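> Below: sequence and its predicted model.
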Amino acid sequence: MTQARARRTDPVTSHQAAASIDGERIRLSQHAVLRHFRRHGPMTDTELIEGYDGKIPQTDSGLRTRRSELVKKGLLVDTGRRELLDTGRSSKVWGLPPKK
């Protein structure tokens, strides 16, 4: 869900409605990916795709996109760790942000 906005020319009620929408809400598909990270801990995109057990079916590409969206929202972070994939390439390990 993107943040709601109103145009400068919109009536006051449109601005009030846009302001009342919680910009931090996430879609069910994003929530399913976030729940997977909470249950299984840090992982690469490959591990996410191979182990995803969410109730909402998602494609490989969709899972990577949801993970990316969660990173942009600050709900997942690059842990700084890297894992070597079977292809020989290095992959970022994603996880929950440190608790404050």
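Structure's in. What do you need? This is a predicted model, so every value here is computed, not measured.
> from here on, contacts and neighbour counts on C-alpha atoms
Noted.
> Can you list the low-confidence ranges for the chain?
1-6, 10, 12-24 (pLDDT under 70).
> repeat that with 50
For the chain, the stretches with pLDDT under 50 are 1-2, 20-23.
> Just the buried residues of the longest strand along the chain, please?
Assignment by DSSP state E gives strand 77-84 as the longest strand of the chain. For strand 77-84, a neighbour-count test (16 or more other CA atoms under 10 Å) marks 77-78 as buried.
> Now the helix or strand following it: buried residues?
Downstream of strand 77-84, the first helix or strand assigned by DSSP states H and E is strand 90-95. The neighbour-count criterion (16+ other CA under 10 Å) identifies 92-95 as the buried residues of strand 90-95.
> Tell me which other helices or strands strand 90-95 touches.
helix 45-51, strand 77-84 (3 or more CA pairs under 8 Å, 6 or more residues apart in numbering; DSSP states H and E).
> Residue 66 is in contact with residue 33, correct?
Yes - between residue 33 and residue 66 there is a contact under CA atoms under 8 Å: 6.9 Å.
> So for the two, which sits in the more crowded spot?
residue 33 (23 against 20; other CA atoms under 10 Å).
> can you map out the helices along this protein?
12-20, 28-40, 45-51, 60-72 (DSSP state H).
> now these in JSON lines, with distance to residue 83?
Shown next, in JSON lines, are those (distance: least, CA to CA, whole Å):
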{"stretch": "helix 12-20", "distance to residue 83": "42"}
{"stretch": "helix 28-40", "distance to residue 83": "16"}
{"stretch": "helix 45-51", "distance to residue 83": "10"}
{"stretch": "helix 60-72", "distance to residue 83": "17"}
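> To residue 79, which of the ones you listed lies closest?
helix 60-72 (11.2 Å; CA to CA).
> Between helix 28-40 and that closest one, find me the angle.
For helix 60-72 against helix 28-40, the angle by axes from the mean of the first three to the mean of the last three CA atoms, to 10 degrees is 80 degrees.
> Can you dump the C-alpha atoms of helix 60-72 in PDB for me?
C-alpha atoms of helix 60-72 as PDB (Å, rounded to 0.1, in the frame of the first residue of the first chain):
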ATOM      1  CA  ASP A  60       9.500 -16.200  -6.800                       C
ATOM      2  CA  SER A  61       9.600 -12.800  -8.300                       C
ATOM      3  CA  GLY A  62       6.700 -11.700  -6.100                       C
ATOM      4  CA  LEU A  63       8.600 -12.800  -3.000                       C
ATOM      5  CA  ARG A  64      11.700 -10.800  -4.000                       C
ATOM      6  CA  THR A  65       9.500  -7.800  -4.700                       C
ATOM      7  CA  ARG A  66       7.700  -8.100  -1.300                       C
ATOM      8  CA  ARG A  67      11.100  -8.400   0.500                       C
ATOM      9  CA  SER A  68      12.300  -5.300  -1.400                       C
ATOM     10  CA  GLU A  69       9.200  -3.400  -0.400                       C
ATOM     11  CA  LEU A  70       9.700  -4.400   3.300                       C
ATOM     12  CA  VAL A  71      13.300  -3.200   3.100                       C
ATOM     13  CA  LYS A  72      12.200   0.200   1.800                       C
END
